[in-house]
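> Sequence unavailable; structure follows:
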């Protein structure tokens, strides 16, 4: 108990999380005091708290500990926090679309957003399995509710699927953490790995079971094959904006935890971890690409596309080097802007009535002849598709080529070839949308929805994403310099 001092608490490391929690509570209290305030007020209030939190993250010291050494703000945590907060700042203005949706009538929607970000910040800034679990559940419970508040018939279904898979994932994580604590008497990842290494990972059956549970838990969260089945349905039932958010931020937080635990295990020469990650990475890339090829809905295609990109990042985790970790942050940063841009254009194109298809709201046929109906939108969407496909010189290409170059440098030649082949497969389904937009005739359907939800905040987000996608060659070096400074 002698170590439990106020100085050991070091509340400064909790400042970003405290700000967001207070912001969420402030929104709820304001709504109780005066109901019926506009969504613009709550959106701007959310953006304000996110900006303040981001400022504190940027100006705070690196490599500091707090909350009795349970919070670790190292370079990796700080970079992840910055990316999460920037992604949240990109998401918040999407709420101010030209149309009003049911979830935006409730102040709680904005409070849940801040609570979700708080949970993600906790996940990336700790080595403690208990705090990881608390952050994971805080963020997940908020996202379940945000999905269910959407005004679509299948939103509740999507939320229930996500909740069911999330509950299973949480159970796996709790079971794995319990076994590791029983083996090592610690919840700290570094101490766990050191203790297991001293025992030569014996008893092997218990160690393997614990790590299998935890890997399965985060495989659900990251949509790693074969734990990916919920992803397309949940994305389809969610709003396009929220689907874009879920394709980035939860993945960022999940990968940080996976990197902390499994890279530490690989550093202790636990070779079967390498083999498992290798198989999962290859299967995730390949199967998701093949599934994306046969999709008839653009949002579901983007869902499987996001799973494929998870496979690419998992390859970098497998490589387990400083350069590979830098590649992860570069890849996720570039992917964040482009994927948000693509989902934002789907958000702009949304319509309550399925004018184009009985089930899907974004079938490929909906975008037929878009170059004649909304030429600027077609050009920008094509730019996003080319970037996601990894075609040079657009943004995601630089992330892919960096990971492949690290793989070749580390001797993973076959893995690099598999990544290249999967990139070639992906080009087909991305170009398929471009063919519909540029080479097909517009459908004779009553009413066009290409720009129906457009508003200035949304167009600003699309414009920023398009600039990053098109001019990435000028941004890559500064981003890499910043990442190298922290890693």
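Structure received. Values in this document were obtained by computation on a predicted structure and should not be read as measured data.

> packing partners for the longest helix anywhere in the chain?
If you go by DSSP state H, the chain has its longest helix at helix 155-184. Helix 155-184 sits against helix 129-148, helix 189-198, helix 204-222, helix 230-237, with contacts defined as 3 or more CB pairs under 8 Å, 6 or more residues apart in numbering; DSSP states H and E. Quick note: C-beta positions are derived from backbone N, CA and C, even for glycine.

> Just say which of those is most tucked in.
With neighbours taken as mean count of other CB atoms under 10 Å, the helices and strands packed on helix 155-184 reach their highest mean count in helix 230-237, at a mean of 23.

> Pull the distance from the helix or strand just after it to the chain's centre.
Of the helices and strands lying after helix 230-237 in sequence (DSSP states H and E), the nearest is helix 240-246. Here the centre of helix 240-246 is set off from its chain's centre by 9 Å, with CA atoms, centre = their mean, to the nearest Å.

> low pLDDT regions in this structure?
1-8, 96-105, 151-153, 349-360, 444-455 (pLDDT under 70).

> Now the residue nearest the centre of it, what are its backbone angles?
By CA atoms, centre = their mean, the mean C-alpha position of the chain lies nearest to residue 248, the distance being 2.0 Å. Residue 248 adopts backbone torsions of phi -120, psi -60, taken as degrees, to the nearest 10.

> do residue 112 as well
phi -60, psi -40.

> For it, grab the count of nearby residues.
Residue 112 sits with 23 neighbouring residues when counted by other CB atoms under 10 Å.

> So it versus residue 91, what's the distance?
12 Å (CB to CB, to the nearest Å).

> again with residue 170
From residue 170 to residue 91 the distance is 24 Å (CB to CB).

> still on that earlier bit, will you turn the helices and strands packed on helix 155-184 into a markdown table that also has distance to residue 243?
A markdown table is the format used below for those (distance: least, CB to CB, whole Å):
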| stretch | distance to residue 243 |
| --- | --- |
| helix 129-148 | 9 |
| helix 189-198 | 31 |
| helix 204-222 | 15 |
| helix 230-237 | 4 |
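
> Which one of the ones you listed lies nearest to residue 412?
helix 204-222 (19.9 Å; CB to CB).

> quick one, which of the helices and strands packed on helix 155-184 is nearest to residue 27?
Taking those one by one with CB to CB, helix 129-148 is closest: 12.8 Å.

> Against which helices or strands is the closest one packed?
Short answer (3+ CB pairs under 8 Å, 6+ apart): helix 129-148 packs on helix 107-124, helix 155-184, helix 240-246, helix 249-267.

> hmm, 10 Å instead?
Under the contact definition 3 or more CB pairs under 10 Å, 6 or more residues apart in numbering; DSSP states H and E, helix 129-148 sits against helix 15-33, helix 107-124, helix 155-184, helix 189-198, helix 204-222, helix 230-237, helix 240-246, helix 249-267.

> how close does residue 219 get to residue 211?
In terms of CB to CB, residue 219 sits 12 Å off from residue 211.

> for residue 10, same thing?
31 Å.

> show me where the stretch 351-487 of the chain has strands.
With strands called from DSSP state E, counting those that start in this stretch, the stretch 351-487 of the chain shows none.

> Okay, helices next: where are they in it?
Assigned by DSSP state H, counting those that start in this stretch, the stretch 351-487 of the chain shows helices spanning 370-373, 375-388, 395-409, 413-439, 456-470, 472-486.
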